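Colleague: quick one, fold the following:
(one chain, ligands or ions: 1)
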Amino acid sequence: MNQEVAEKQIVLSGIRATGQLHLGNYLGALSRFAEMSRNPAYFGMFFVADYHTLTTLQEARLIKYHLPNIVLDYVAAGIDLSNTAIYAQSSVPQVTELTWLLSCLTPVGELTGQASFKQKSKQQPDLINAGLLIYPVLMAADILGVCANFVPVGKDQQAHLELAALVARKFNHQFGEYFPIPDALTGEMITVPGLSVPDTEGRFSKMGKSDKNTINLSDTPDEQSAKIRACPTDPQKVRKNDPGRPEVCPIFQLHKAITSAEDIQEIQTACLSGQLGCLECKARLNDHISTTIANFRARRQGLEPYKAQIVGDTLAAGKSVAAGMFRTTLEVVRDKMGLVRY
Ligand code: TRP
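Modeller: A predicted model of the protein is given here:
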């Protein structure tokens, strides 16, 4: 690691290669990453968590397809490549070595008790693989291997991050101070709801690659507006002038994630009083989304013809930075844990 990077705070986050990135990824992750990458106090480490993807693997060719697209999405989001490493997790196999070392510090109860483990085991009861169980240890290795200070993740990853912090503290206590305790920065993160109705308890699910409720960054403007038009709204608002209930409407939830506070207020009042019809409300949402991602879309299209080259160069540069950091960490950690290089 060069001197300059050593003086910066490391910001790290990863995205699994399970599908095409969507508006939620853009607002919640990519645009934040880009912003942080331009802050000279930080150095960004943004990777594609392809090892993690294997825990729920459906088809091998999907990782090969999605990973380069995600890398190009990172680049198109305006991440400053001179102050960031973008890499594929599996190109740094030291991650798995550190995973083993950290797994020996992780109480198994912390793993079986994870909400995400229980949920994923329920989703794939025919194969609750060991990878699902140690998923958070692999994530701790991602984070601690580069001594990350900040890990911007959504609420759903909070528990995993806490586990990483616990393992870091345990290591420091048992073997001597080394790891910084990673912090989530969740205050700055937003969760973007999907194009789907709330559950019976009124909760909206987040926009998720596997939930089929997404506006993909690769959607054309026509595909985008068609999805918005097809999205259900308040079932009790049948005619344009019926008063609506914004709190049960996914379109209103999305407005809240993307529209200015002033407009949100106005939309809410107009919906409640029956002055605003769903069609118009949807058209306004569609415009806001298009404006927000216009630059991204243009850049993404411009990069597409050079995809192989850009992805190859970006990942090679990122791998070299990340692997260097992991090697440094592993030297210290192996030594502190009593392993000798024979
Ligand atoms: N588990 C994260 C997710 O599914 C992805 C991830 C893997 C990650 N390793 C990480 C995020 C390390 C932050 C830090 O969203």
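Colleague: packing partners for the longest helix seen in the chain?
Modeller: Counting by DSSP state H, the longest helix found in the chain is helix 307-336. Helices and strands touching helix 307-336, by 3 or more CB pairs under 8 Å, 6 or more residues apart in numbering; DSSP states H and E, are strand 42-48, helix 60-76, strand 84-88, helix 94-103, helix 130-145, helix 158-175. (Each C-beta comes from the backbone N, C-alpha and C, glycine too.)
Colleague: redo that, cut-off 6 Å
Modeller: Based on contacts counted as 3 or more CB pairs under 6 Å, 6 or more residues apart in numbering; DSSP states H and E, the elements that helix 307-336 packs against are helix 60-76, strand 84-88, helix 94-103.
Colleague: got TSV for those, with distance to the ligand too?
Modeller: As requested, the helices and strands packed on helix 307-336 are exported to TSV (distance: least, CB to the nearest ligand atom, whole Å):
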stretch	distance to the ligand
helix 60-76	11
strand 84-88	12
helix 94-103	9
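Colleague: any idea which of these is most buried?
Modeller: Among these, strand 84-88 has the highest mean neighbour count (mean count of other CB atoms under 10 Å), at a mean of 25.
Colleague: how near is the residue lying closest to residue 32 once chain neighbours are set aside to residue 34?
Modeller: Closest residue to residue 32 apart from its sequence neighbours, by CB to CB, 6 or more residues apart in numbering: residue 152 at 5.8 Å. Distance, residue 152 to residue 34, using CB to CB, to the nearest Å: 12 Å.
Colleague: what helix or strand does residue 179 sit in?
Modeller: Using DSSP states H and E, residue 179 falls within no helix or strand.
Colleague: residues in contact with it?
Modeller: Residue 179 is in contact with 144, 168, 171-172, counting by CB atoms under 6 Å, 6 or more residues apart in numbering.
Colleague: returning to that earlier point: turn the helices and strands packed on helix 307-336 into TSV, including mean pLDDT and distance to residue 269.
Modeller: Formatted as TSV, those follow (pLDDT from 0 to 100; distance: least, CB to CB, whole Å):
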stretch	mean pLDDT	distance to residue 269
helix 60-76	95	36
strand 84-88	98	42
helix 94-103	98	51
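Colleague: between those, which gets nearest to residue 297?
Modeller: Taking CB to CB, helix 60-76 is the member of the helices and strands packed on helix 307-336 nearest to residue 297, at 8.2 Å.
Colleague: so residue 285 sits in a helix?
Modeller: Yes. Under DSSP: H, G, I helix; E, B strand; the rest coil, residue 285 falls within a helix.
Colleague: quick check: pLDDT value at it.
Modeller: Note on residue 285: pLDDT of 96.
Colleague: again with residue 219
Modeller: Reading off the model, residue 219 has pLDDT 94.
Colleague: could you count how many residues lie near it?
Modeller: The tally of other residues near residue 219 (other CB atoms under 10 Å) stands at 19.
Colleague: and it, how far from residue 307?
Modeller: Per CB to CB, residue 219 is found 18 Å from residue 307.
Colleague: need the helices and strands packed on helix 307-336 in JSON lines (columns: distance to residue 326).
Modeller: JSON lines is the format used below for the helices and strands packed on helix 307-336 (distance: least, CB to CB, whole Å):
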{"stretch": "helix 60-76", "distance to residue 326": "19"}
{"stretch": "strand 84-88", "distance to residue 326": "10"}
{"stretch": "helix 94-103", "distance to residue 326": "4"}
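Colleague: what count of nearby residues applies to residue 25?
Modeller: 24.
Colleague: before we move on, what about the one 10 residues further on?
Modeller: Close neighbours of residue 35, defined as other CB under 10 Å, add up to 16.
Colleague: how about the residues of this structure by the ligand?
Modeller: Taking CB under 6 Å from any ligand atom as the contact definition, the chain meets the ligand at 12-14, 16, 49, 52, 139, 142-143, 151, 153, 157.
Colleague: TSV for these, including pLDDT?
Modeller: As requested, the residues of the chain next to the ligand are exported to TSV (pLDDT from 0 to 100):
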residue	pLDDT
12	97
13	97
14	97
16	95
49	98
52	97
139	98
142	98
143	98
151	96
153	91
157	93
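Colleague: highest neighbour count among the residues you listed?
Modeller: Neighbour counts for the residues of the chain next to the ligand (other CB under 10 Å) peak at residue 143, which has 30 neighbours.
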